[in-house]
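Asks: After the sequence you'll find the predicted model.
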Amino acid sequence: MDSAFYEPTGQDTYVATAATVGPWSLDAQHGGPPSALAARALERHEADERQRLARVAVDILRPIPVGKLSVRTRLVRPGRRITLAEAVMEADGHEVMHARGWRIERPAGDVPEIVDGASAAPLPAAGNGEVPSIFTREPEGYLASIEWRFLPQDAIATHARYAQVRAAWTRPRIPLLPDEEPSPMSRALLVADSGSGVSAALQATEFIFINVDVTVVLPRDPAGDWLLLEAATTVGSDGAGLAMTRLSDQTGPCGRAWQTLLVAPR
């Protein structure tokens, strides 16, 4: 197993390791690692310690090759209370990803917390839920670089046409970059892009369901290494899908993620 998802090669340049390889092609990265790398750039560019990165929206313009990457970042809307930052990722002379993030000022006083639903399901010693087929196709790459503990599926909605919530606890086995602790947002984006896989509504051997974007909003920063993905996918007859994921740490819910999917027969 590689020691990290990326190796830095210079100022804002990186080489993706084999740990970034996604389930659809051996030549393309899973969306999680580059999204996490983009979040890192959004946080660090002209950083303001009074602010935290609360929302990131990522558009995946084309398959991201497993190789050299560069990231350039700018402030779209600087401000004391809110800042909008933008990161553009390039590979092989092409723009492959755009990401925008809102950095929001931390409050000077107390703010009452309103929690998104019930407490998270407890972390099991080992997963005993049904594993979606897409997780069993390739034993290497990104899927092998994340520890997955699937929970038993909720049996309330059993009709094949009804979206069902599926859940898995996740944590990375390796860091995003060598000898560096990822930020809470980077850690969330590293796994949130897998919501559509955790909640796979169709067989990966018969259909593709590739996300073209991912948006993560964190009302609070998650604590610890483990994140629970509770995800459901809806699919329309016109070839588009929507994966919606609730994110929780071991103390309870902390955010949400959304993905727009391209769905088609193989």
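Replies: Noted; the coordinates are in hand.

Asks: Would you confirm that residue 99 contacts residue 37?
Replies: No: counting by C-beta atoms under 8 Å, residue 99 does not reach residue 37; the two are 9.2 Å apart. C-beta coordinates here come from the backbone N, C-alpha and C atoms, glycine included.

Asks: So which bits of the lengthiest helix in the chain are buried?
Replies: Counting residues, the longest helix found in the chain (DSSP state H) is helix 32-44. Buried positions in helix 32-44, judged by neighbour count with 16 or more other C-beta atoms under 10 Å: 32, 33, 34, 35, 36, 37, 38, 39, 40, 41, 42, 43.

Asks: circling back to that earlier point, shared neighbours, residue 99 and residue 37?
Replies: residue 89 (C-beta atoms under 8 Å, 6 or more residues apart in numbering).

Asks: residues touching residue 106, list them.
Replies: With C-beta under 8 Å, 6+ apart, residue 106 has these contacts: 50, 51, 52.

Asks: What of residue 95?
Replies: 61, 88, 89.

Asks: if I've got this straight, the last one is in a strand?
Replies: It stands for residue 89. Yes: looking at residue 89 with DSSP: H, G, I helix; E, B strand; the rest coil, it is inside a strand.

Asks: burial count for it?
Replies: When neighbours are defined as other C-beta atoms under 10 Å, residue 89 has 26 of them.

Asks: Surely it touches residue 33?
Replies: No: assessed by C-beta under 8 Å, residue 89 is found out of contact with residue 33, at 11.0 Å.

Asks: where are the low-confidence patches of the stretch 151-266 of the chain?
Replies: Along the stretch 151-266 of the chain, segments meeting pLDDT under 70 span 154-160.

Asks: burial measure for the residue lying closest to residue 192 once chain neighbours are set aside, as a count.
Replies: Leaving aside its sequence neighbours, residue 192 sits nearest to residue 257 (C-beta to C-beta, 6 or more residues apart in numbering; 4.0 Å). Here the count is done by other C-beta under 10 Å, and residue 257 has 25 residues near it.

Asks: Run through the neighbouring helices and strands of the helix or strand residue 257 falls within.
Replies: Assessed by DSSP states H and E, residue 257 sits inside strand 252-265. Here strand 252-265 is seen to pack against helix 184-192, helix 195-198, strand 207-211, strand 213-217, strand 227-235, strand 240-249 when contacts are counted using 3 or more C-beta pairs under 8 Å, 6 or more residues apart in numbering; DSSP states H and E.

Asks: okay if I get these as CSV plus distance to residue 8?
Replies: Shown next, in CSV, are the helices and strands packed on strand 252-265 (distance: least, C-beta to C-beta, whole Å):
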stretch, distance to residue 8
helix 184-192, 14
helix 195-198, 28
strand 207-211, 26
strand 213-217, 23
strand 227-235, 25
strand 240-249, 27
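
Asks: residue ranges for the strands of the stretch 1-150 of the chain, please.
Replies: 6-10, 13-16, 51-60, 68-77, 82-91, 94-105, 146-150 (DSSP state E, counting those that start in this stretch).
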